[in-house]
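# Build me a structure from this.
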Amino acid sequence: MEGRKYKRKEFIAFLQEVISDFEKPSVKLEQYMTPYDVTADFFAFLNDAGEIAGKVVADFCCGTGLYSAASYFLDASKICSFDIDEEALECCKATMENLEDCEFHVEKIDLTSSAIIEKYKQNFDTIVMNPPFGTKSNEGIDMALLKNAIQCCKGNVYSLHKTPTENHIVKQCENWGTESKPIAQINFTLK
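Next comes the predicted model:
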């Protein structure tokens with residue numbers, strides 16, 4: 001399905017308007033919000049590739065629901081938002097409830113556990129995520145999240161990772177029997 005035609009400034013303004021404030025992001029959980037301009041570039045690629053419009057999209061590690069709202073803007077048929085943090089999920093739910101005619105599901109679940117696979121194996125058309133990078137005493141969490149996302153998706157998984165991990169990710173995906181390729185290198189400051 002062809003993606004929605006829109007202006008970048010319109011997309012960013014929409015996100016800035018609808019995203020609920022997150023007062024206390026957890027450094028331990030590495031809850032860093034993707035900047036709006038980076039989100040716009042990421043979702044422009046996904047939109048052009050036909051990965052959002054008319055699709056069932058999962059937002060793993062959804063936080064406040066930035067990628068969920070972006071998926072709504074680009075006409076996803078249904079959006080499922082998952083996180084382990086209750087406070088972040090409340091923000092996400094508040095964001096999604098303010099969107100008209102939006103079919104969504106928000107759920108607290110440990111995305112690194114087998115429970116997500118048991119419940120949602122091959123369930124989503126597209127998965128988007130900005131996982132923790134595993135730098136705050138949770139080494140390897142990004143790969144555990146990626147592995148489970150791959151098993152829950154019947155289409156493509158799009159995930160942000162640190163550039164130095166690129167070769168490791170490609171090799172690990174080969175070990176899991178799937179293909180991985182970097183689509184862009186983006187520089188941004190974590191806040």
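# residue nearest the centroid of this structure?
M129 (2.5 Å; Cα atoms, centre = their mean).
# Quick check: that residue vs I116, distance?
12 Å (Cβ to Cβ, to the nearest Å). C-betas here are computed from N, CA, C, even on glycine.
# Would you mind pulling up the elements that the lowest-mean-pLDDT helix or strand in the chain packs against?
Across the helices and strands of the chain, mean confidence by mean pLDDT, DSSP states H and E is lowest for helix 166-175: a mean of 83. Packing partners of helix 166-175 (3 or more Cβ pairs under 8 Å, 6 or more residues apart in numbering; DSSP states H and E): helix 141-152.
# So what's the gap between the helix it packs on and the chain middle?
For helix 141-152, the distance from its own C-alpha centre to the chain's C-alpha centre is 12 Å (Cα atoms, centre = their mean, to the nearest Å).
# Note down every partner strand of the next helix or strand after that helix and its orientation.
Counting by DSSP states H and E, the next helix or strand C-terminal to helix 141-152 is strand 153-159. In the sheet, strand 153-159 lines up against strand 124-129 (parallel) (DSSP bridges).
# contacting residues around the strand it pairs with?
42, 46, 51-52, 55-61, 67, 71, 80, 145, 149, 152-160 (Cβ atoms under 8 Å, 6 or more residues apart in numbering).
# List the buried residues for the least confident helix or strand of the chain?
169, 173 (16 or more other Cβ atoms under 10 Å).
# Figure out the helix or strand that the residue nearest to K108 when sequence neighbours are not counted lives in.
Using Cβ to Cβ, 6 or more residues apart in numbering and skipping residues adjacent in sequence, the residue nearest K108 is L89, 5.5 Å away. Counting by DSSP H and E, the element that carries L89 is helix 86-97.
# May I have that helix exported as PDB, CA atoms only?
Provided in PDB are the C-alpha atoms of helix 86-97 (Å, rounded to 0.1, in the frame of the first residue of the first chain):
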ATOM      1  CA  GLU A  86       3.900   1.500  33.800                       C
ATOM      2  CA  GLU A  87       4.500   5.300  33.900                       C
ATOM      3  CA  ALA A  88       5.700   5.400  30.200                       C
ATOM      4  CA  LEU A  89       2.700   3.300  29.200                       C
ATOM      5  CA  GLU A  90       0.300   5.700  30.900                       C
ATOM      6  CA  CYS A  91       1.800   8.500  28.800                       C
ATOM      7  CA  CYS A  92       1.500   6.400  25.700                       C
ATOM      8  CA  LYS A  93      -2.100   5.500  26.500                       C
ATOM      9  CA  ALA A  94      -3.000   9.200  27.000                       C
ATOM     10  CA  THR A  95      -1.400  10.000  23.700                       C
ATOM     11  CA  MET A  96      -3.300   7.300  21.800                       C
ATOM     12  CA  GLU A  97      -6.600   8.000  23.400                       C
END
